[in-house]
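Participant: fold the following for me, if possible:
(one chain, ligands or ions: 1)
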Amino acid sequence: MQNVNLLGNLAELHAKCFPHKPWSAADFADLQKSGCEIIASQNGFIVYRATCDEAEIITIGVAPDARRGGIGAAMLGIIEGDLKKRGVKHIFLEVAADNAPARSLYQNNGYKEIGVRPKYYDGTDAIMMRKDI
Ligand SMILES: CC(C)(COP(=O)(O)OP(=O)(O)OC[C@H]1O[C@@H](n2cnc3c(N)ncnc32)[C@H](O)[C@@H]1OP(=O)(O)O)[C@@H](O)C(=O)NCCC(=O)NCCS
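Facilitator: Below you'll find the predicted structure:
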């Protein structure tokens, strides 16, 4: 029951961060079942998955009225510390080419561009990024 409430809150927060593509509590439950890990607070969340020495950031979001307060960078730091302890060496992610705030967040936290998937998100390119930790 507790997990259901938490996932419901997470779905509400996700809808604030991604109003055009909200995920439901069931979507988050499916992510957990598929091995994803979720760190969330009242104003931010990050979803990631580790396999052997690699990890992938599935998504990250911070409530609009809490942005530019360091929450996004702090969450990247938390998962990096956790993943390092578990032997992960590389973190990958994809970000829409037109998402300037997210690209800036990743670049300023040590992620490097390693490729492009053309027209990956409804006609917008996806930039592939990697950080070696
Ligand atoms: C991307 C996002 C998670 C950033 O979260 P945040 O808590 O605001 O980020 P931080 O405050 O930790 O910012 C860290 C750095 O990221 C960069 N950054 C963050 N927002 C930015 C913006 N609007 N414009 C330019 N740079 C930005 C800056 O370098 C910033 O450092 P600074 O504040 O010292 O200049 C947030 O904007 C968000 O939720 N966006 C909508 C969801 C989304 O697009 N997620 C990414 C999907 S790949």
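Participant: and the residue of this protein nearest the ligand?
Facilitator: Here the chain gets closest to the ligand at one residue, G72, 2.6 Å apart by Cβ to the nearest ligand atom. Quick note: C-beta positions are derived from backbone N, CA and C, even for glycine.
Participant: that residue - that's part of a strand, no?
Facilitator: No - counting by DSSP: H, G, I helix; E, B strand; the rest coil, one finds G72 to be helix, located in no strand.
Participant: which residues touch it?
Facilitator: By Cβ atoms under 8 Å, 6 or more residues apart in numbering, the contact set of G72 is G44, I60, V62, L105.
Participant: what's the burial count for the nearest residue to the third one once chain neighbours are set aside?
Facilitator: If I follow you right, that is V62. Nearest non-adjacent residue to V62, counting by Cβ to Cβ, 6 or more residues apart in numbering: G44, 4.4 Å away. Residues lying near G44 (other Cβ atoms under 10 Å) number 20.
Participant: try A50
Facilitator: Residues near A50, counting by other Cβ under 10 Å, number 18.
Participant: what do you get for Y111?
Facilitator: For Y111, the count of nearby residues is 22 (other Cβ under 10 Å).
Participant: tally of neighbours for R67?
Facilitator: By the criterion of other Cβ under 10 Å, R67 has 16 neighbours.
Participant: and what of the one 10 residues further on?
Facilitator: Burial of G77 is recorded as 12 neighbouring residues (other Cβ under 10 Å).
Participant: adjust the sequence numbering to begin at 16 for everything that follows.
Facilitator: In the new count, where the first residue is 16, that last one comes out as G92.
Participant: surely it is in a helix?
Facilitator: Yes - counting by three-state DSSP, G92 falls inside a helix.
Participant: quick one: contacts for the nearest residue to it once chain neighbours are set aside?
Facilitator: Distances taken as Cβ to Cβ, 6+ apart put N124 closest to G92, at 7.7 Å, once the chain neighbours are dropped. Each residue near N124 by Cβ under 8 Å, 6+ apart is listed here: A88, L91, G92, K146.
Participant: show me which of the residues you listed are buried.
Facilitator: Taking 16 or more other Cβ atoms under 10 Å as the criterion, what is buried in these is L91, K146.
Participant: could you measure from the residue nearest to W38 when sequence neighbours are not counted over to R118?
Facilitator: Spatial nearest neighbour of W38, excluding adjacent residues (Cβ to Cβ, 6+ apart): H29 at 5.0 Å. Using Cβ to Cβ, to the nearest Å, we find H29 at a distance of 20 Å from R118.
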